[in-house]
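Asks: just need the structure, nothing else, for what follows:
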Amino acid sequence: MNIYISHVRRGYIRIYQSRGLCGAACPITGSKSSSRENNTSPVPQKHVSEIPGPPILPLIGSLGDAIIRKKSLGNLMGDYYNEHGPIIKHKLVDEEVVLYDPNDILKVFRAEGKYPRGASSDFWPFTRYCTRNNMQFFSQKMGEEWKTGRMKMQADILSPQAAASYLPSLYPVVQQASKAFPSLSHDMDQFCRRAVFDMFTAAVIGKSRNLLQPELADPRDMTFLNDATEAFRLAGVLAYSPYENFMSKNNISTALWTKFSQHMHDAFKRSGELAEEAVGDIGEKINYDASATMSEMEEDVEKVWDGVGQKPVHETECYLKRLLKRGALSPEQAGSELGGLLFAAVDTTSAVLMWNLVNLAANPDKQAILANELKEKLNGADYHKDVPLPYMQACYRETQRFTPANTTIGFRVLDTDISLRGYTIPAGMRINFNTKTIQADPRVVDNADKYMPERWLPDAVSGRKGTPAEVLDHRLLATPFSFGPRMCLGGRLAEVEMFSLICRLVQDYEFTIAEDSPPYSQKEFLFTTPFPVPKFSATPRKYA
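Replies: Reported below is the predicted structural model:
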């Protein structure tokens, strides 16, 4: 299926228009299905085949409808929401149910059981590549094996306190990124990817790879960055191609699959080398206990944290060193898992970071408000988690609403049946979580086509209480890194990285979309990015 583009210009994004569903009622807050669910009387359950959606035809599924509409995937799902309501079923590749209401999505998360299945274990381009190359990471495993590995890996990185403990490692990288910003302002794609990779490696393996300083960088790391980026892009094309899915299921390699596999191979080879090198450097300096049991591991997790909400004991050490010192993983295990983390670290975070910077550049009045907040609260200092920055938080949240890097926060396949909006969804059916569409619905969001961080300030949030628009404040809509036990392992570290860098750049520069930069739009592959990536104009910030 071809990927199409929905136009976005400076400060403006095309939104979905209602096609008369339930009059002017919002499909989520005012549809009959919503009212029926709130009724305490028993509701007869309907079969999954009765869920509305586009026509599903033999052989081609819903592909014919998608081709006729010529829409990007995100806009296509927006059409289905407007036409059919907050739950739809389609078959672009495999048959799946799509949910738009975060309250329904939360029900699915709560029904996952003791051993939830993550999106990474069901995303076919990656899973089939790993299977064919005898690669498996904890994120792809199931059952007790997954739980054991996840507990070992998340203790030093997942909580907000753990993520913020890496700030001292990030500060030098952020300052270097600020110095490099003017020279790379014409290529924000490269700036964001290099900055993200340098920050992540500084926090995780204790050494920035210096991609923001080309004279110090290893050319192999630049190549890795390009391989990882291209692998993610091609994965997005493969994932929604019925032809590619069919050929792959039958072990027939297409030109596209071969190209994807080569980029995956090259990227994993380099990330494995980096991980092995880091494990060797750090492992020589510490003793580790590779025989630590699960109960010992759980006790050690408690020792690492000095009470709820406190900082980790070894707050200046990198993530890898913490893992090895606690005996959480053997050096061999750590090398394998870190290779996967380094590969996965680039694309999501850089896409979210880029949209945050693009929205601030396209809205200089909002950027000025943020600069004043940072002047008052930080006064030139680096970002710190204990300093409240409500407008910074609001800008980040508005970007997640206005130009999300992904139209979904993943999908799940449950092991048991679940009832949603009067329909019985059978075990084994894929359930996709679309969090973009409702946040662009003008029946829920005032001025939905405008970038307005003010809508997330405390007074605005309080004003929505008890109204249909209150759904916007649901926690599942606020993050690009999913939710629950299978949420992105490095998601909170990524947010710390982005906050730290954005605060530094806004304090140091006034940046706008360059006059010679052509209009940009949203382009969807695996992630949504501005296309063409706008050029920036950056000048040192001068305060009144």
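
Asks: what's the local residue count around the nearest residue to Leu99 once chain neighbours are set aside?
Replies: Nearest residue to Leu99 in three dimensions, chain neighbours excluded: Ile105, at 5.2 Å (C-beta to C-beta, 6 or more residues apart in numbering). C-beta: built from backbone N, CA, C; applies to glycine. Neighbourhood size, Ile105 [other C-beta atoms under 10 Å]: 25.

Asks: what strand or helix carries Ile105?
Replies: Assessed by DSSP states H and E, Ile105 sits inside helix 102-110.

Asks: helices or strands up against the following helix or strand past that helix?
Replies: Per DSSP H and E, helix 102-110 leads on to helix 124-132 as the next helix or strand towards the C-terminus. Counting contacts by 3 or more C-beta pairs under 8 Å, 6 or more residues apart in numbering; DSSP states H and E, helix 124-132 packs against helix 219-239, helix 242-249, helix 255-283.

Asks: pLDDT on the first one, on average?
Replies: This points to helix 219-239. For helix 219-239, mean pLDDT rounds to 93.

Asks: do the longest one as well
Replies: Helix 255-283 shows a mean pLDDT of 92.

Asks: list the buried ones in it?
Replies: Residues 256-257, 260-261, 263-264, 266-268, 270-276, 278-279, 282-283 are the ones in helix 255-283 that count as buried (16 or more other C-beta atoms under 10 Å).

Asks: distance check, the closest residue to Met142 other than its chain neighbours against Asp417.
Replies: Computed as C-beta to C-beta, 6+ apart, the closest residue to Met142 that is not its neighbour in sequence is Tyr115, at 6.2 Å. Tyr115 is 17 Å from Asp417, where distance means C-beta to C-beta, to the nearest Å.

Asks: residue ranges with poor pLDDT in this structure?
Replies: In the predicted model, the chain carries pLDDT under 70 at residues 1-43, 118-121, 138, 284-315, 544.

Asks: repeat that with 50
Replies: Applying pLDDT under 50 to the chain flags the ranges 1-24, 31-40, 288-314.

Asks: related to what we said a few turns ago, output the contacting helices and strands for the helix holding Ile105.
Replies: Secondary structure elements in contact with helix 102-110, counted by 3+ C-beta pairs under 8 Å, 6+ apart, are strand 408-413, strand 418-420, strand 430-434.

Asks: tell me the strands beside the longest one, with direction?
Replies: In the sheet containing strand 408-413, its partner strands are strand 430-434 (antiparallel), by DSSP bridges.

Asks: cool, and the shortest one?
Replies: Pairing partners of strand 418-420, with direction, according to DSSP bridges: strand 423-425 (antiparallel).

Asks: ok now the strand it pairs with, how far from the chain's centre?
Replies: 28 Å (C-alpha atoms, centre = their mean, to the nearest Å).

Asks: buried residues in it?
Replies: 423, 425.

Asks: quick one: residues in contact with that strand.
Replies: By C-beta atoms under 8 Å, 6 or more residues apart in numbering, the residues outside strand 423-425 that reach it are 45-48, 50-51, 87, 97, 414, 417-419, 431.

Asks: can you select the buried ones from those in PyMOL?
Replies: Buried subset of the contacts of strand 423-425, written as a PyMOL selection, criterion 16+ other C-beta under 10 Å:
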select buried, resi 48+51+87+97+414+418+431
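
Asks: quick one: which of the contacts of strand 423-425 is nearest Asn363?
Replies: Proximity of the contacts of strand 423-425 to Asn363 (C-beta to C-beta) peaks at Ile87, which lies at 34.4 Å.

Asks: beta partners for the closest one?
Replies: Ile87 forms beta bridges with Leu99, as assigned by DSSP bridges.

Asks: where along the stretch 1-150 of the chain do the strands fall?
Replies: Assigned by DSSP state E, counting those that start in this stretch, the strands in the stretch 1-150 of the chain fall at 5-9, 12-13, 46-47, 87-90, 96-99.

Asks: actually the stretch 401-544 of the chain, not the one I typed
Replies: Counting by DSSP E, counting those that start in this stretch, residue ranges of the strands within the stretch 401-544 of the chain are 408-413, 418-420, 423-425, 430-434, 509-513, 521-524, 528-531, 536-540.

Asks: pull the CA coordinates from the fifth one and hand them back as PDB.
Replies: Put plainly, it is strand 509-513. Listed next in PDB are the C-alpha coordinates belonging to strand 509-513 (Å, rounded to 0.1, in the frame of the first residue of the first chain):
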ATOM      1  CA  TYR A 509      18.800  30.200  21.100                       C
ATOM      2  CA  GLU A 510      15.800  31.800  19.400                       C
ATOM      3  CA  PHE A 511      15.100  29.400  16.600                       C
ATOM      4  CA  THR A 512      12.500  29.600  13.800                       C
ATOM      5  CA  ILE A 513      11.600  27.900  10.500                       C
END
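
Asks: now what about it, what contacts it?
Replies: Residues outside strand 509-513 that contact it (C-beta under 8 Å, 6+ apart): 10, 178, 181-182, 185, 357-358, 360-362, 364, 367, 371, 505, 534-542.

Asks: next: the last one.
Replies: Contacts made with strand 536-540 from outside it, assessed by C-beta under 8 Å, 6+ apart, are listed as 181-182, 185-186, 188, 357, 361, 508-515, 517.

Asks: still on that earlier bit, and the helices and strands packed on helix 102-110 as TSV, adding distance to Ala351?
Replies: Formatted as TSV, these follow (distance: least, C-beta to C-beta, whole Å):
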stretch	distance to Ala351
strand 408-413	14
strand 418-420	29
strand 430-434	17
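
Asks: go ahead and confirm Asn359 touches Arg397.
Replies: No: contact between Asn359 and Arg397 fails when scored by C-beta atoms under 8 Å: they sit 11.4 Å apart.

Asks: the nearest residue to Lys114 once chain neighbours are set aside: neighbour count?
Replies: With C-beta to C-beta, 6+ apart as the criterion, Lys114 has its nearest non-adjacent residue at 7.6 Å, and that residue is Lys147. Per other C-beta under 10 Å, the neighbour tally for Lys147 reads 17.

Asks: that older thread, the contacts of strand 536-540, buried ones only, as a ChimeraX selection?
Replies: A single ChimeraX command selects the buried members of the contacts of strand 536-540 (16+ other C-beta under 10 Å):
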select :181,182,185,186,188,357,361,508,509,510,511,512,513,517
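
Asks: quick one: the residue nearest to Lys114 and Tyr115 touch, right?
Replies: Yes: if you go by C-beta under 8 Å, Lys147 and Tyr115 touch, sitting 6.3 Å apart.

Asks: circling back: what about the contacts of strand 509-513, which are in helices?
Replies: Secondary structure assignment by DSSP state H places 178, 181-182, 357-358, 360-362, 364, 367, 371, 505 of those in helices.

Asks: between which two of these is the distance greatest?
Replies: Ser178 and Ala362 (20.4 Å).

Asks: neighbour count winner among these two?
Replies: The neighbour count for Ser178 versus Ala362, taken as other C-beta under 10 Å, is higher for Ala362 (21 against 18).

Asks: hang on, that one packs against Phe402?
Replies: No: counting by C-beta under 8 Å, Ala362 does not reach Phe402; the two are 10.3 Å apart.

Asks: what is in contact with those two at once?
Replies: Common neighbours of Ala362 and Phe402 (C-beta under 8 Å, 6+ apart) are Tyr451.

Asks: which outside residues touch the helix holding Ile105?
Replies: Counting by C-beta under 8 Å, 6+ apart, 86-87, 99, 116, 409, 412, 414, 418, 420-421, 431, 433, 435, 438, 471, 474-477, 483-484 sit against helix 102-110.

Asks: and those, which of them are buried?
Replies: For the contacts of helix 102-110, buried by 16+ other C-beta under 10 Å: 86-87, 99, 116, 409, 412, 414, 418, 420-421, 431, 433, 435, 438, 471, 476-477, 483-484.

Asks: returning to that earlier point: of the helices and strands packed on helix 124-132, which is nearest Leu329?
Replies: So among those, helix 255-283 is nearest, using C-beta to C-beta, at 9.4 Å.

Asks: what angle sits between the closest one and helix 124-132?
Replies: With axes from the mean of the first three to the mean of the last three C-alpha atoms, to 10 degrees as the basis, helix 255-283 and helix 124-132 are set at 60 degrees to each other.
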